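> sequence and predicted structure are below.
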Amino acid sequence: MCEPAYKTVSERFFGMLGLARRAGKTVLGTDMICERMRAKSKPVLVLASREASDATRARLMHKCDFYSIPYCVVDVSTEKLGNICGCSGLAAAVAVTDAGFAEQLLMECK
């Protein structure tokens with residue numbers, strides 16, 4: 001599990017995250033992620049942008065701790081995270097619902 005310190009990511013990280021999005025294996029937005037954590041099919045990894053607010057990061061971290069879901073703050077802007085995830089605006093966080101994608105993404109966090 002990644003610690004809540006900023007993790008740098010490689011270009012491969014962006015490709016894997018984009019592929020996961022196109023495969024429909026991501027959930028975008030803090031409220032949707034928290035809602036999904038309460039559902040039967042929980043995310044297997046939550047990624048937060050370094051630019052996410054302290055309140056957003058704290059909320060996600062507490063929920064991830066409660067549901068035993070790995071959590072990582074990546075050194076990516078909210079704008080870039082939104083662009084990769086197909087959002088026209090900003091994205092503070094994204095959750096991955098596939099274990100294979102989650103494992104690959106965690107390997108790209110340094």
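Happy to help now that I have it.
> what ranges does this structure have for its helices?
Applying DSSP state H to the chain gives helices spanning 11-22, 30-38, 54-67, 78-84, 99-107.
> same list, those helices, but as CSV with mean neighbour count, mean pLDDT and distance to Ala92 please.
(Glycine included, C-beta is placed from N, CA and C.) CSV is the format used below for the helices of the chain (neighbours: other Cβ atoms under 10 Å; pLDDT from 0 to 100; distance: least, Cβ to Cβ, whole Å):
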stretch, mean neighbour count, mean pLDDT, distance to Ala92
helix 11-22, 16, 93, 15
helix 30-38, 16, 95, 6
helix 54-67, 15, 95, 5
helix 78-84, 19, 89, 6
helix 99-107, 17, 94, 17
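> out of these, flag the one nearest Ala48.
helix 54-67 (5.4 Å; Cβ to Cβ).
> next, the angle from the closest one to helix 30-38.
Going by axes from the mean of the first three to the mean of the last three Cα atoms, to 10 degrees, helix 54-67 is angled at 10 degrees with respect to helix 30-38.
> ok, and what's touching helix 54-67?
With Cβ atoms under 8 Å, 6 or more residues apart in numbering as the test, helix 54-67 has contacts from 4, 30, 33-34, 37, 42, 46, 48, 52, 69-71, 73, 92-93.
> quick one: contacts for the residue nearest the centre of the chain?
Nearest to the mean C-alpha position of the chain, by Cα atoms, centre = their mean, lies Leu47 at 2.2 Å. Counting by Cβ under 8 Å, 6+ apart, Leu47 touches 17, 72-74, 81, 93-96, 105.
> let's see it at 10 Å
Taking Cβ atoms under 10 Å, 6 or more residues apart in numbering as the criterion, Leu47 is in contact with 2, 7, 9, 13, 17, 26, 33, 60, 70-74, 76, 81, 85, 91, 93-96, 102, 105-106, 109.
> and Ala91, by the same measure?
Ala91 neighbours (Cβ under 10 Å, 6+ apart): 26, 28-30, 47-49, 51-52, 76-85.
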